[in-house]
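Visitor: fold the stuff below for me.
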Amino acid sequence: MAKFEMDTEFIRKLADVLEETHLGEIEMADGERRIRIARPPITVAAAPAAMALPSAVPAAAPAPAAGAADPGAHPGAVKSPMVGTAYLAPEPGKPVFVNVGDKVAAGQTLLIIEAMKTFNPIKAPKAGTVTQVLVENAQPVEFGQPLMIVE
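Guide: From the prediction side, this is the model:
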């Protein structure tokens, strides 16, 4: 078996991608060589189960009417930095992180996105008021998808 050489520059680049995309880990394989870069897991009380919303969790705001501006183009749009499943509460049966009308501080957690069994908090990029919640609890989301509007 050939000796495995570490390419530290490649590892640094993978770590940068991990940080930029807010993913929990990246794993790559090339033949028999494998590399896995992971950051410490973010602790959230319990993993939310994909289930119906409890009655204590209000439904997301209705979708904008036809003809309304694209929410992704709104200057206050908070977009998903990754592909995953969005959860509006820290765990089933608990109150949602934020509701429409709530005032939020910059850096406050708005929701979490589970990607590869890692729960990633999505934080408010600025202080303001949540005017729209564009996703439902346990909804799959795509990279760049608008999640909320903070004005």
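
Visitor: from Lys103, how far off is the residue nearest to the spatial centre of the chain?
Guide: Compute the mean C-alpha point of the chain, and by CA atoms, centre = their mean the closest residue is Ile113, 3.3 Å away. Look at Ile113 and Lys103: by CB to CB, to the nearest Å, they are 23 Å apart. Quick note: C-beta positions are derived from backbone N, CA and C, even for glycine.

Visitor: if we can go back for a sec, let me see the contact set for the residue nearest to the centre of the chain.
Guide: Counting by CB atoms under 8 Å, 6 or more residues apart in numbering, Ile113 touches 80-82, 84-87, 119-120, 122, 141.

Visitor: one more: Val17?
Guide: If you count contacts by CB under 8 Å, 6+ apart, Val17 has them with 23, 26.

Visitor: name the SS class of it, please.
Guide: Secondary structure assignment for Val17 (DSSP: H, G, I helix; E, B strand; the rest coil): helix.

Visitor: same thing with Ile122?
Guide: Going by three-state DSSP: Ile122 is strand.

Visitor: show me where this structure has its helices.
Guide: When assigned using DSSP state H, the helices of the chain occupy the ranges 8-21.

Visitor: okay, now the domains of it?
Guide: Per automatic domain parsing, the domain ranges recorded for the chain read 8-38, 71-150.

Visitor: worst mean pLDDT among the ones you listed?
Guide: The stretch with the lowest average pLDDT out of the domains of the chain is domain 8-38, scoring a mean of 76.

Visitor: go through that one and flag the buried ones.
Guide: Of the residues in domain 8-38, 14, 18, 22-24, 26, 37 count as buried by neighbour count, 16 or more other CB atoms under 10 Å.

Visitor: what does stretch 137-147 give?
Guide: Of the residues in stretch 137-147, 137-138, 141, 145-147 count as buried by neighbour count, 16+ other CB under 10 Å.
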